[in-house]
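*Asks:* Fold the following for me, if possible:
(2 chains)
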Amino acid sequence: MRVHAKRAVALAAGLLLPVTVMADWTMNMSPGVTSTSNQIFTLHMTILWICVAIGVVVFGVMFWSIFAHRKSRGAKPANFHENTLVEVLWTIVPLAILVAMAIPATTTLVEMYDTTESDVDIKITGYQWRWQYEYIDDDFSFFSNMSTPRDQIRNRQAKGEHYLLEVDNPVVIPVGKKVRFLLTANDVIHSWWVPEFGVKKDAIPGFINETWTRVDEPGTYRGQCTELCGKDHGFMPVVVKAVPEEEYNAWVAEQREAAETERQLTEKDWTLDELMERGERAYATACASCHQADGSGMPPAFPALKGSPMALEDMAGHIEIVVNGSPGTSMQAFGNQLSEVDLAAVITYERNAWGNNTGEMVTPKEIFDYKNQQ
Amino acid sequence: MSAVADTHAQDHHHGPAKGISRWLLTTNHKDIGSMYLIFSFAMFLLGGSMAMVIRAELFQPGLQIVEPEFFNQMTTMHGLIMVFGAVMPAFVGLANWMLPLMVGAPDMALPRMNNWSFWLLPCAFLILVSTLFMQGGAPDFGWTFYAPLSTTYGPPSTTFFIFAVHIMGVSSIMGAINVIATILNMRAPGMTLMKMPLFVWTWLITAFLLIAVMPVLAGVVTMMLMDIHFGTSFFDAAGGGDPVLFQHVFWFFGHPEVYIMILPAFGAISHIVAAFSRKPLFGYASMVYAVGAIAVLSFVVWAHHMFTVGMPLAGQLFFMYATLLIAVPTGVKVFNWVTTMFRGSLSFEAPMLFAVAFIILFTIGGFSGLMLAIAPADFQYHDTYFVVAHFHYVLVPGAIFGIFASAYFWLPKWTGHMYDETLAKTHFWLSFIGMNLAFFPMHFLGLAGMPRRIPDYALQFTDFNMISSIGAFMFGATQLLFLFIVVKCARGGEKAPAKPWDGAEGLEWTVPSPAPYHTFSTPPEVK
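*Replies:* Reported below is the predicted structural model:
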């Protein structure tokens, strides 16, 4: 049997050799960069060492018995089968250890639940399969999509340093400030996790959950969705950039300006080509994960758009389903997720791409009017 | 099993029927027990092969073998099949075979219902497995099937999944009623409750848990069915429903369920450790009380699966304290087993090897459970591979090793032959090494931040995933050896005496090996 073990180790070592160059043998939780994550780390190490100590005693007695009280060594069995004192002791002592453990855990938990007196409030909404960050006090919001190219996932391209943990628009927070996160979801339950902060909270449709963090160390922190939320659950990372306050203020000003520019774009006169170009990008981030980049979909859950009657003939129905979604299915309402420009661009794109050459075009103004009629 | 049949052919009046009708129509607890065990092993191999698909995909980063949607179907079906198809029926099979023999009864109390509750199972699993071939694929929302992913966003096959769960539930409830009726009414004269073997005690308590929680599971899937087809909004926030309600109802079933999968193993291990230590079990009464305490506490800890859903602080604290409390009776059991071994006269045949591994590895799973109970730390552990490591440590070396230990312990009684000890020991060591290689690195992965249920992962998780996959392949392949050992033992081998283990105690060892088709037609006397 030992031989088998040796073989397994040899096999494992052989297979691992090529990857040990970039090997990462992280075995423990990171203490993180916030007071919460540090307290959690301390609790984690305390309970771990308590378990190790209990394990050493219990397994120690056991291995001693295995070694010394073998029949093959001529051990004669004793006949005891009760001892009230011992039995009471090993009920009371673990109980005392648990109480001792519960006290610091309670203190930490009370602190984690204190979301009052925040400096910045950010509403986070989980979508299949991206995050929306809404800066409530500053009146702008944006989506954060995974930016790892599909080619890397499909092994057609070398994987980058932050494979699966990189996004197009990271959420930015100021260092040294108490940031409150308000979490909800648009479709299914998601969970927002940044290990370095010690923050994990479920984003649940119909609920607003609260949590908070205060980061003192500027840097980029990465996490992932941790509640199974459908096929691309593994591909909705969280990236948080903690920056000094001046930098944060400058970034906020820039975002507000960009939001204003975006609003003005609705008024602009668009050509079909311009809408197609913008539509292709918007389609890639918002639609392609279900309806596929070539519009072929994945029936029956995600119908094909290429050659579909709706994309070819029914313009009104097309606008309605994109803006309002289709209740009871996984087709979401994109009316609040995308700007009027992007909605118009996506619909125009879907009506003209992949051989759906209708030549028809929807302008941002038409979408704006449609939304206002409702 | 032919050995059993042959021996009983001499038994002229009430031998088994011939051909297929013996198995379809049988009301004999031994036949039904065998069918349960064979069925559960088949499901173990099926669920296991799905685990192989999962581990093959996770062998390296990137998508190589399956698409994410199929990956999700594999994790879901693996969980459902292992829980409801492998572990639970295996224990019901052991109960069928052993309970009447242990309490000195001629059969189970309700033999026709026994036949019905078995035959429902293949039907349920035929429906469940057939979803893999349906349009839109099998259920893909995890074995915990959280709404609204399983309702509004579930595949069309969800309805078949609900129907299958209902049938399994009916089967389990009938099985549990049968166990309770047998134990409470059919014990041999003189066998008071506190003289019952521990396997009987743990199964009695398990049966009560089953009757308490299987209807809750039926309720939650029925609410799903209503949401999907009849326009209700139990779990749909858009209609005024509550997705968190789903989790409360599910885990009210789900937590006692995990004890349903381990308590019978506690009982069996108690017999095996005592037998191979050649010493009476230490603290019989405290063992019984501990199992009772675990069962009661299991009803008030469910929300520790939900620490991140945003419960109020008071709820969070209650469930943390209640969960920590469970460690006390569980600790008592482990201390009792170790003290039973202490100053015994130990030998290490296959059942004992599995039993000792059970105690060590289940305790490790218990330790990580204790860590998970600390609510603030759970915010870091929750839904990561740390949790996957934890529950595989309690279920594989817990439930599964418990079943292997029981199987080797009682195989001589079932077949009349000794199994091949060398092969059995090989089976043990390969399983032990494979299992630890597969699941121990998952602790590290979880602590380093790898979420569970993902088909692809960031590069820092590459190495441990590779080791884990190698261990899983090793563990999986080894189980074919078990099949070989059992078949070989059933077909022949060294004749087993009535009591093949010199330290074993109990009525089952007073009947010849193999146990005749009908035993204890007149009840034995227990002093």
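
*Asks:* Looking at chain A, what residue ends up closest to chain B?
*Replies:* A:Gly206 (2.4 Å; C-beta to the nearest C-beta). From N, CA and C alone the C-beta is placed, and that goes for glycine too.

*Asks:* Pull the contacting residues for the most centrally placed residue in chain B.
*Replies:* The residue lying closest to the centre of chain B (C-alpha atoms, centre = their mean) is B:Val87, at 2.8 Å. Going by C-beta atoms under 8 Å, 6 or more residues apart in numbering or on different chains, B:Val87 touches B:Ser40, B:Met261, B:Leu395, B:Ala399, B:Ile400, B:Ile403.

*Asks:* how about it, secondary structure?
*Replies:* helix (DSSP: H, G, I helix; E, B strand; the rest coil).

*Asks:* what ranges do the strands span in chain A?
*Replies:* Secondary structure of chain A by DSSP state E: the strands cover A:120-127, A:130-135, A:140-144, A:171-174, A:178-185, A:190-194, A:199-203, A:209-214, A:219-225, A:237-243.

*Asks:* Which one of those has the poorest average confidence?
*Replies:* In terms of average pLDDT, strand A:140-144 trails the rest of the strands of chain A, at a mean of 91.

*Asks:* Just checking: what are the partner strands of that one?
*Replies:* Next to strand A:140-144 in the sheet, as set by DSSP bridges, lie strand A:130-135 (antiparallel).

*Asks:* Pull out the buried residues from the partner strand.
*Replies:* A:Arg130, A:Trp131, A:Gln132, A:Tyr133, A:Tyr135 (16 or more other C-beta atoms under 10 Å in any protein chain shown).

*Asks:* And stretch B:333-343, by the same measure?
*Replies:* B:Lys333, B:Val334, B:Phe335, B:Asn336, B:Trp337, B:Val338, B:Thr339, B:Thr340, B:Met341, B:Phe342, B:Arg343.

*Asks:* before we move on, what about stretch B:484-495?
*Replies:* Under 16+ other C-beta under 10 Å, the buried positions of stretch B:484-495 are B:Ile485, B:Val486, B:Cys489, B:Ala490, B:Gly493.

*Asks:* Any idea what the nearest residue to A:Lys123 once chain neighbours are set aside is bridged to?
*Replies:* In space, and not counting its chain neighbours, A:Lys123 is closest to A:Glu134: 4.1 Å by C-beta to C-beta, 6 or more residues apart in numbering or on different chains. According to DSSP bridges, the residues that bridge with A:Glu134 are A:Lys123, A:Ser141.

*Asks:* related to what we said a few turns ago, nearest residue to the residue of chain A closest to chain B other than its sequence neighbours?
*Replies:* B:Ala237 (2.4 Å).

*Asks:* Same question for A:Gln292.
*Replies:* A:Met298 (6.8 Å).

*Asks:* sorry, back to before: what's the closest of the buried residues of stretch B:484-495 to chain A?
*Replies:* Distances from chain A to the buried residues of stretch B:484-495, taken by C-beta to the nearest C-beta, are shortest for B:Ile485, at 15.1 Å.

*Asks:* so B:Met98, which of the three states?
*Replies:* helix.

*Asks:* residues contacting it?
*Replies:* Neighbours of B:Met98 in contact, by C-beta under 8 Å, 6+ apart: B:Gly33, B:Phe199, B:Trp410, B:Glu508.

*Asks:* closest to chain A among those residues?
*Replies:* Scanning these for proximity to chain A, where the rule is C-beta to the nearest C-beta, the winner is B:Phe199, at 17.4 Å.
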